[in-house]
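Engineer: have a look at this prediction, sequence included:
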Amino acid sequence: MLAGIMGRGTALSRKQRTQMPAQHDITAETELWDTYARNAFKDDTEPVFRWTQYAGHGPGPELLGDPGSVLEIGCGTGRALAHLAQHGVKATGVDLSPVMVEKIAERWAPTGAQFHCAEVLDYLGSTAETYDAVYSIFGAAWFADPSKLFPLVRHRLNPGGTFVFSQPPAIPGAYGPQGMYKGGFAGKAMFTYRYSYRPPVWERLLTRSGFTGVEARVLDAPEPGHIGTLLVRAEA
């Protein structure tokens, strides 16, 4: 009987897990990313554009095509936007952290890049601006529900525009929203959700949102056995 009860409990918990969506708390997530910003941003940061977590590895901004305007969602330190702005691109970034946006707006003001402090889904749903390319480097495309994010991105792209994002690949067997604590496992509980899927699933999600020419792949790390980088590109 105990085994039967345990079996039913396990089945119920699995059902509950599939039915309960990730519970994003924007106020709490803002605090988390403010904490990250205080440690991640350095005053001597220089402009650089790379998709992967390894310096000098992988493709560069050519994946965006030849855009006249770009939007980076979850722009973090703003280094990639500053690089594009220095090369004549109209560069706009949006980030949830007011601490980060204040820092990067001051640091990159000479480049002409523009920054907005907002939750990305709210920003994409309210702005009237459109862009030749939207991209995310370990940013909002990793931390926002793709079923909500992708249609909004699609509507903000000019015809023929590109959407490109990079992030770590999914850990085998761990798919969908994944809870992530920030700042260690002691102290105040600050957490968010990141979204992980196999490349074919990313392709299906983008295609369902109206994108074409979708390609998702994992770029191997420069050293065998190290964590690779998921690279996804799609066209409006």
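Structural biologist: Now that the structure is in, tell me what you want to look at. Residues are numbered from 1 along each chain as shown.
Engineer: what residues sit buried inside stretch 148-164?
Structural biologist: Of all the residues in stretch 148-164, those buried under the rule 16 or more other Cβ atoms under 10 Å are Leu149, Phe150, Pro151, Leu152, Val153, Arg154, Arg156, Leu157, Gly161, Thr162, Phe163, Val164. The way it works is simple: take the backbone N, C-alpha and C, and place the C-beta from them, glycine included.
Engineer: which is the next helix or strand following the longest strand seen in the chain?
Structural biologist: In the chain, ranked by residue count with DSSP state E as the criterion, the top strand is strand 157-167. Of the helices and strands lying after strand 157-167 in sequence (DSSP states H and E), the nearest is strand 176-181.
Engineer: contact partners of that next one?
Structural biologist: The contact list for strand 176-181 (Cβ atoms under 8 Å, 6 or more residues apart in numbering) reads Pro21, Ala22, Asp145, Ala189, Met190, Phe191, Thr192, Tyr193, Arg194, Tyr195, Ser196, Tyr197.
Engineer: quick revisit: quick one: distance of the longest strand of the chain to the chain centre.
Structural biologist: Distance, stretch centre to chain centre, for strand 157-167: 13 Å (Cα atoms, centre = their mean, to the nearest Å).
Engineer: number the residues from 17 up from this point.
Structural biologist: In the new numbering, first residue 17, that becomes strand 173-183.
Engineer: only the buried subset of the contacts of strand 192-197, as a ChimeraX command please.
Structural biologist: Buried residues within those, by 16+ other Cβ under 10 Å, are selected in ChimeraX with:
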select :206,208,209,210,211,212,213
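Engineer: could you find the lowest-pLDDT member of the contacts of strand 192-197?
Structural biologist: The lowest pLDDT within the contacts of strand 192-197 belongs to Pro37, with 65.
Engineer: all helices of this protein, in order?
Structural biologist: In the chain, the segments counted as helices under DSSP state H are 18-35, 42-56, 95-102, 114-123, 136-142, 156-159, 162-172, 215-224.
Engineer: pick out the shakiest of these, pLDDT-wise.
Structural biologist: Per-stretch mean pLDDT for the helices of the chain is lowest at helix 18-35 (a mean of 39).
Engineer: ok, Gly74 - contacts?
Structural biologist: When the contact criterion is Cβ under 8 Å, 6+ apart, the partners of Gly74 are Arg66, Trp67, Thr68, Leu235, Thr245, Leu247.
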